[in-house]
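*Asks:* with the input below, show me the fold.
(2 chains)
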Amino acid sequence: MASFPAVLQSEWTKVRSVRSTIWTLALTFVVTVGLGALLSLLTNNNFEEFTRGDNGPFDATGTAFSGIMLGELAIIVFGVLAVGNEYSTGMIRVTLAAVPQRGTLLTGKAVVLGALAFLVALVTAFVTFFLGQALLGSHSTGLGEPHVLRAVFGAAFYLTMLCLFSAGVTAMLHNQTLALGVLVPFFFLLSPILSAVPKVKTLAHYFPDYAGSRMLLVYEQSGQPYGPWAGFLICLAWTLAALVGGALVLKSRDA
Amino acid sequence: MIELHELTKRYGDTLAVDRLSFQVPQGVVTGFLGPNGAGKSTTMRMILDLDRPTSGSVTIDGKRYGRLSEPLKYIGALLEAKAVHPGRTAYDHLLWLAQSNRIPRSRVDELLDLVGLTSVARKRSRGFSLGMGQRLGIASALLGDPEIVMFDEPVNGLDPEGILWIRNLMKRLAAEGRTVFVSSHLMSEMALTADHLVVIGRGRLLADLSMPEFIRQNSRTAVRLRTPQPERLLDALDSAGIRVEGGPEGSYEVVDGDLAKLGELAAANGVVLHELSPQQASLEEAFMQMTADSVQYHAGGGTPLPPGAAPGNPPGTAPGAPGAWGAGWQAGKAGPGGPPRTGTGAPNAKPEEEN
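*Replies:* Prediction:
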């Protein structure tokens, strides 16, 4: 059997040697941090206006993370490209000739992608939080407040899981263009729209992005079907299902 | 050693590879010959466990490819030239391949040097020409210093210099004692490089024999005689103990005949000759004849298979048996100006095959 550390090393070389990795991960960071900072600044300057009509307490953490809904698209693209470029270039046959144990291969890929995505997501989450709080001035919160640390880590897990979910779906579709065409509109348009439509939203509340983003909530909101940890588990289940599905397709299909 | 046993691949209704059994002998160049769409690439992908056989099996040194740990150290393959991420450098491409099979990093530099890509090793492969892509592919195949190398149509699309380079490389690899298995649809190319031949058509084994044997069987020469006095000629030949066969358009042919002796014999017996000419079927013609037949028989449906095309011939017995060969050669033989083309010009059935 192929040595797993060797597969990890090889997959790491693949990931680090293409430019799309840098671009997509840098974009994840810039968009999440930048939009969060902008919204935090605007909120601080127009606090009365922005919070008028809100009944609950002001969520300073959530404000700092306002950019994550766009930032996640970049890390989704990273997940798609890292798997999809094997198919778009025909390199998958070279890869499978080198590592014919397909389950081991996809596991190695997922571990490398997941570790890199988590590292970037964690840095992004903490920078986003601290910069946002600095810009919120007197309305800011701290890591020591209840649930805040969970929300910041939750943001990192959320981004990582969406990345791996996308990687798994790409392996299932074994086509980079198709995967981008399905995943980006789904996360950018379909899921947010459906979770606002009455009746349909009960279903949409179980989509991976909605479920995963419950981790970012600091205060309990009315109308939530489940809590943050249940949301984490639902998102994790989606991620694992996509990866297992990808592995099954990869194992059964002619390359 | 690569061993195929009753290997079969079916795509829907199409039988791409049909109960193919043969062994690739060690330490020589084996040409894997067949027209486009004969199933060569599919067979090679099955050897590497990329495509799963519908039935039958293929093993490398007695093991299924998927059971090999660090397979690049056993068998290196070049399937398509540009199966490389265009944004990755040649060096990094070879590096990840090396790392996956625990091949030392120093081999990457060695191979880049061997294929002459050192100067562009740090450039992204996007700008590589087909020839450079092919060299990178060959470097990947040789990375693990494998006993067996397998190339799929390596000279396709290359310029003459590249073709010569690949030819010499294959000879050198075999001279080093490696097993080289190389596919082609050009007999002329194989005649220059291969020591052994495996010929397939429509996924079926047509011949499995050594190159000298193939040449011996197919470069049969004959002398053609044409005369307005056939009776006298036949009598003269008969009394001289020379066996004669009927040729095209009322001519006669003496297989392996001696041109001068036959002329003298005719003169001595006062036979008027209108033609006295040597005949030789080229290897290319013999190959075309062979594969055209396979297409014909296949398309015929109910037509029984010739003994040579019968599946499951044990390797080494040259299924394109001499009898069948001679017959094909004889039947398809035309005048010197017209090479035999009994089948379609380019027998091809599966366009999805060679891509």
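*Asks:* use CA for all of it now, contacts and neighbours both
*Replies:* OK.
*Asks:* what residue ranges in the chain score low on pLDDT?
*Replies:* Picked chain A for this. Across chain A, the ranges flagged by pLDDT under 70 are A:1.
*Asks:* can you look at chain B instead?
*Replies:* For chain B, the ranges with pLDDT under 70 are B:293-355.
*Asks:* and it, which of its residues are near chain A?
*Replies:* Chain B comes close to chain A at residues B:48-52, B:65-72, B:82-89, B:92-93, B:95-102, as judged by C-alpha under 8 Å from any C-alpha of the partner chain.
*Asks:* just the helices in the chain please.
*Replies:* All of this refers to chain A. A:4-16, A:19-45, A:47-51, A:60-64, A:68-89, A:91-98, A:102-136, A:148-173, A:176-185, A:191-194, A:200-204, A:208-213, A:228-252 (DSSP state H).
*Asks:* could you do chain B instead?
*Replies:* Under DSSP H, chain B gives helices at B:40-47, B:90-100, B:106-114, B:130-142, B:160-175, B:187-193, B:211-218, B:230-239, B:259-268, B:283-300, B:322-332.
*Asks:* pipe those into a markdown table and attach mean neighbour count per row.
*Replies:* Converted to a markdown table, the helices of chain B look like this (neighbours: other C-alpha atoms under 10 Å in any protein chain shown):
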| stretch | mean neighbour count |
| --- | --- |
| helix B:40-47 | 24 |
| helix B:90-100 | 25 |
| helix B:106-114 | 18 |
| helix B:130-142 | 24 |
| helix B:160-175 | 16 |
| helix B:187-193 | 18 |
| helix B:211-218 | 17 |
| helix B:230-239 | 15 |
| helix B:259-268 | 14 |
| helix B:283-300 | 20 |
| helix B:322-332 | 16 |
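*Asks:* just to revisit the earlier point, what subset of the residues of chain B next to chain A is buried?
*Replies:* B:48-52, B:65-66, B:68-72, B:82-89, B:92-93, B:95-102 (16 or more other C-alpha atoms under 10 Å in any protein chain shown).
*Asks:* re earlier: quick one: which of the helices of chain A is nearest B:F128?
*Replies:* helix A:68-89 (14.2 Å; C-alpha to C-alpha).
*Asks:* dump the closest one to CSV, restricted to CA.
*Replies:* The C-alpha trace of helix A:68-89 is given here as CSV (Å, rounded to 0.1, in the frame of the first residue of the first chain):
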residue,chain,number,x,y,z
ILE,A,68,-18.0,35.7,5.7
MET,A,69,-20.9,35.1,3.4
LEU,A,70,-18.8,36.4,0.6
GLY,A,71,-15.4,35.2,1.8
GLU,A,72,-16.7,31.7,1.9
LEU,A,73,-17.1,31.7,-1.9
ALA,A,74,-13.3,32.1,-2.3
ILE,A,75,-12.6,29.1,-0.1
ILE,A,76,-15.3,27.1,-1.8
VAL,A,77,-13.5,27.9,-5.1
PHE,A,78,-10.2,26.8,-3.5
GLY,A,79,-11.8,23.4,-2.6
VAL,A,80,-13.2,22.9,-6.1
LEU,A,81,-10.0,23.8,-7.9
ALA,A,82,-7.7,21.7,-5.7
VAL,A,83,-9.7,18.6,-6.7
GLY,A,84,-11.1,19.8,-10.1
ASN,A,85,-7.8,20.6,-11.7
GLU,A,86,-6.9,16.9,-11.7
TYR,A,87,-9.8,16.3,-13.9
SER,A,88,-9.6,19.4,-16.1
THR,A,89,-6.0,18.7,-17.0
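*Asks:* nearest to A:T141, out of the helices of chain B?
*Replies:* Comparing the helices of chain B by C-alpha to C-alpha, helix B:90-100 comes nearest, at 45.6 Å.
*Asks:* determine the set of other helices and strands touching that closest one.
*Replies:* helix A:4-16, helix A:91-98, helix B:106-114, helix B:130-142 (3 or more C-alpha pairs under 8 Å, 6 or more residues apart in numbering or on different chains; DSSP states H and E).
*Asks:* do you know which of the helices of chain A lies nearest B:S210?
*Replies:* helix A:91-98 (29.0 Å).
*Asks:* and the closest one, what does it pack against?
*Replies:* Short answer (3+ C-alpha pairs under 8 Å, 6+ apart): helix A:91-98 packs on helix B:90-100.
*Asks:* need the CA coordinates for the helix it packs on. CSV is fine.
*Replies:* Output in CSV follows, covering the C-alpha atoms of helix B:90-100 (Å, rounded to 0.1, in the frame of the first residue of the first chain):
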residue,chain,number,x,y,z
ALA,B,90,8.1,20.9,-14.7
TYR,B,91,10.2,20.6,-11.5
ASP,B,92,7.2,20.6,-9.2
HIS,B,93,5.3,18.2,-11.4
LEU,B,94,8.1,15.7,-11.1
LEU,B,95,8.5,16.5,-7.4
TRP,B,96,5.0,15.6,-6.4
LEU,B,97,5.2,12.4,-8.4
ALA,B,98,8.5,11.5,-6.8
GLN,B,99,7.2,12.2,-3.3
SER,B,100,4.2,10.0,-3.8
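*Asks:* let me know the angle separating that helix from helix A:4-16.
*Replies:* Angle of helix B:90-100 versus helix A:4-16, following axes from the mean of the first three to the mean of the last three C-alpha atoms, to 10 degrees, is 160 degrees.
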